[in-house]
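**Q** Test case, fold it:
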Amino acid sequence: MMPKRLLDRCHLDSIREFRASAQQRFDDGLTAAVGGRGLAAIYLWGYCAEMLLKAAYFSVLGLGEGTSLRMADHIAPAILMGRQLGIAWPKSGQGHNVRAWAELLILERATHPDRELEYPADFGDRVQANGQRIGQLWNETLRYHKNKPYSHEVAQVREAVEWIVVHSALL
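**A** Residues are numbered from 1 along each chain as shown. Next comes the predicted model:
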């Protein structure tokens with residue numbers, strides 16, 4: 001029997017898959033950074049943050065860990081909701097905007113009727129600040145460019161994403 005091809009072994013997008021994949025992308029980014037591949041590291045870390053913020057947002061909505069997250073049923077309506085709430089959500093790369101996902105997550109938690117979902121003091125500000133730091137240096141279109149980031153840019157993205165990874169259970 002032939003083994004399944006890589007793409008045939010992929011699981012459906014879900015909260016569980018986002019969280020597991022985010023940890024892999026974070027570790028892959030660390031390896032890339034140590035190997036002097038700063039742009040690759042930033043690229044991978046940006047996706048890590050995106051997946052963790054999406055997983056947190058859809059968890060707050062009450063979706064199960066294994067719920068298949070589809071563009072038409074989940075991602076696009078979330079983006080539309082964000083825009084309706086006043087989040088500046090650009091059309092380009094809209095599903096990948098880390099800053100916007102951080103803002104949407106914070107707003108959802110703040111307006112959710114379950115008081116247990118409120119963040120501890122200043123935690124929402126930290127989520128937002130780290131989302132903004134990542135958003136200033138990361139975009140999914142980095143894959144098309146040969147730019148070399150400065151070492152301080154690599155460090156800034158690593159620190160911001162690392163904060164999100166460390167605090168992902170609280171997001």
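**Q** On the pLDDT front, check Cys10 for me.
**A** As predicted, Cys10 sits at a pLDDT of 86.
**Q** Show me what the helix or strand Arg25 falls within is packed against.
**A** Assessed by DSSP states H and E, Arg25 sits inside helix 15-34. When contacts are defined as 3 or more Cβ pairs under 8 Å, 6 or more residues apart in numbering; DSSP states H and E, helix 15-34 sits against helix 38-60, helix 151-166. To be clear about C-beta, it is placed using only N, CA and C from the backbone, and glycine gets the same treatment.
**Q** Ok, which of the ones you listed comes nearest Ala72?
**A** helix 38-60 (14.6 Å; Cβ to Cβ).
**Q** avg pLDDT for that closest one?
**A** 97.
**Q** do the same with stretch 137-152
**A** The model assigns stretch 137-152 a mean pLDDT of 94.
**Q** cool, stretch 16-32 as well?
**A** For stretch 16-32, the mean per-residue pLDDT is 97.
**Q** buried set for that stretch?
**A** 17-19, 21-22, 25-26, 28-29, 32 (16 or more other Cβ atoms under 10 Å).
**Q** Burial-wise, tell me which of the helices and strands packed on helix 15-34 comes out on top.
**A** Comparing the helices and strands packed on helix 15-34 by mean neighbour count (mean count of other Cβ atoms under 10 Å), helix 38-60 comes out on top with a mean of 24.
**Q** just checking, what packs against it?
**A** helix 15-34, helix 98-111, helix 123-137, helix 151-166.
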